[in-house]
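Q: Need a 3D model of the following:
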Amino acid sequence: MMTEKHDPATFGIAPEAGPAADAFVRLLEVIAKLRSPDGCPWDRQQTLPTIKPYTLEETYELLEAIDTDDNAAICEELGDVLLQVVLDAQIAKDEQRFDILSVMDGITKKMVDRHPHVFGDAVAENAEDVSQHWDKAKRKEKSERESVLDGIPVELPGLAKAARITKQAARVGYDFPHRAMLFDKLNEEVAELADELFEDGQVPDIPASVDGPRTRDLPVEDAARQERIEGELGDVLFVIANIARRWQVNPEEALRKSNAKFERRFRYIENRLREQELDIRDVTIQQMEELYQEGKRLERESVDPPA
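A: This next block holds a predicted model:
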């Protein structure tokens with residue numbers, strides 16, 4: 001990752017109005033052309049529901065580009081996300097719902113209203129003050145909501161939604177007084193999960209190791225028990241998301257990085273075996289684990305070389 005320091009005094013300089021406006025209008029014209037009668041058949045048949053998967057896909061590609069710290073990739077993926085915004089707005093305009101000007105006016109007004117310490121007379125000396133101003137403005141905007149949980153997107157990924165739900169509940173005081181208490185809650189939920197998973201209701205005391213005979217994972221035949229297991233596992237994940245929130249960690253981002261780490265190290269296994277002209281399907285789990293640990297050690301040494 002880049003470690004270059006930037007002078008905050010140079011932040012917040014808007015682009016020149018002329019070139020920025022020209023570039024944006026050109027993008028609007030291109031998208032409008034694609035949706036026109038003599039435009040692209042694929043773009044013309046899109047609706048807001050059909051375009052949803054592409055919007056999500058482009059967002060995740062942007063996150064991946066940010067992780068690589070590749071400026072060209074980040075710039076390209078930001079463009080793809082901007083394309084989704086403009087295309088969605090053009091679809092909405094074609095369906096006589098709203099247009100891109102409504103989108104821009106709405107978000108501009110929201111940002112001004114929610115930053116009274118910047119655009120008004122309010123004072124904010126720290127991030128907590130800013131959060132309070134934001135919440136106050138949001139409550140005023142959404143005064144018709146009946147619950148503090150209203151407004152949380154239904155289709156948020158599960159871990160992210162759990163963090164948002166507990167955050168909203170915490171805003172009105174429904175939260176453990178000390179964040180360390182969540183580990184007692186986690187132990188409680190793990191015990192309840194074990195009660196459903198194992199005949200004696202206890203977590204087996206089996207060290208994690210690649211040695212020993214492999215056992216077959218038997219399916220759960222009882223549908224009611226399977227549903228209970230799902231519920232208890234969900235409770236464990238819910239507490240984990242809550243722990244992440246209390247330590248200011250995005251649980252989805254944390255899991256995404258762990259996924260990437262495992263994938264990177266598993267690919268290392270494949271590459272090392274390929275160098276030895278071995279097929280991964282023909283080697284033992286012990287050989288794979290040895291290479292996994294080797295890759296893990298090399299990663300750590302590259303970050304923190306031995307003295």
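Q: At the geometric centre of the chain, which residue do we find?
A: residue 252 (4.3 Å; CA atoms, centre = their mean).
Q: pLDDT of the helix or strand hosting it, averaged?
A: Residue 252 belongs to helix 251-275 when assigned by DSSP states H and E. Averaging pLDDT along helix 251-275 gives 94.
Q: show me what contacts the residue nearest to the centre of the chain?
A: Listed by CB atoms under 8 Å, 6 or more residues apart in numbering, the contact set of residue 252 reads 157, 159, 160. (C-beta placed from N, C-alpha, C; glycine too.)
Q: Burial check on residue 241, number of neighbours?
A: Around residue 241 sit 25 other residues, with neighbours defined as other CB atoms under 10 Å.
Q: Quick check: residue 240 touching residue 255?
A: No. Applying CB atoms under 8 Å as the test, residue 240 and residue 255 come out as separate, 9.5 Å apart.
Q: joint contacts of the two?
A: In contact with both residue 240 and residue 255: residue 159, using CB under 8 Å, 6+ apart.
Q: okay, these two: which has more neighbours?
A: residue 240 (19 against 16).
Q: which helices and strands does whichever strand or helix holds the more buried one pack with?
A: For residue 240, the enclosing helix or strand under DSSP H and E is helix 223-246. Judged by 3 or more CB pairs under 8 Å, 6 or more residues apart in numbering; DSSP states H and E, the packing partners of helix 223-246 are helix 158-171, helix 181-197, helix 251-275.
Q: what comes up buried for it?
A: By neighbour count on 16 or more other CB atoms under 10 Å, the buried set for helix 223-246 is 228-229, 232-233, 235-236, 238-246.
Q: Show me what stretch 70-83 is in contact with.
A: Outside stretch 70-83, the residues touching it (CB under 8 Å, 6+ apart) are 27, 31, 55, 58, 59, 61, 62, 64, 65, 66.
Q: thinking again about what came up before, so how far is the helix or strand that the helix holding residue 252 is followed by from its chain's centroid?
A: For helix 251-275, the following helix or strand on the C-terminal side (DSSP H and E) is helix 285-303. In terms of CA atoms, centre = their mean, to the nearest Å, the centre of helix 285-303 is set 27 Å apart from its chain centre.
Q: Just want the angle from helix 285-303 to helix 251-275.
A: Put simply, helix 285-303 runs at 110 degrees to helix 251-275, going by axes from the mean of the first three to the mean of the last three CA atoms, to 10 degrees.
Q: can I get the CA coordinates of the lowest-mean-pLDDT helix or strand in the chain in CSV?
A: The helix or strand of the chain with the poorest confidence is helix 127-141; it has a mean of 75 (mean pLDDT, DSSP states H and E). Extracted C-alpha coordinates of helix 127-141, given in CSV (Å, rounded to 0.1, in the frame of the first residue of the first chain):
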residue,chain,number,x,y,z
ALA,A,127,-15.9,13.4,14.9
GLU,A,128,-18.4,12.7,17.7
ASP,A,129,-19.8,16.3,17.3
VAL,A,130,-20.0,15.7,13.5
SER,A,131,-21.9,12.5,14.0
GLN,A,132,-24.4,14.2,16.3
HIS,A,133,-25.1,17.0,13.7
TRP,A,134,-25.5,14.3,11.1
ASP,A,135,-28.0,12.3,13.1
LYS,A,136,-30.0,15.4,14.1
ALA,A,137,-30.3,16.4,10.4
LYS,A,138,-31.2,12.9,9.4
ARG,A,139,-33.9,12.7,12.0
LYS,A,140,-35.4,15.9,10.7
GLU,A,141,-35.3,14.7,7.1
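Q: How far away from the center of its chain is it?
A: 23 Å.
Q: check contacts around the residue nearest to residue 168 when sequence neighbours are not counted.
A: Nearest residue to residue 168 in three dimensions, chain neighbours excluded: residue 148, at 4.9 Å (CB to CB, 6 or more residues apart in numbering). By CB under 8 Å, 6+ apart, the contact list for residue 148 reads 168, 169, 171, 172.
Q: cool, and residue 169?
A: Taking CB under 8 Å, 6+ apart, one finds 148, 149, 175 in contact with residue 169.
Q: Go again with 7 Å.
A: residue 175 (CB atoms under 7 Å, 6 or more residues apart in numbering).
Q: Kindly report the same for the one 10 residues further on.
A: Taking CB under 7 Å, 6+ apart, we find residue 179 in contact with 246, 247.
Q: Per-residue confidence, it, what does it come out as?
A: At residue 179, pLDDT is 96.
Q: re the thing from before, which among the contacts of residue 252 count as buried?
A: 159, 160.
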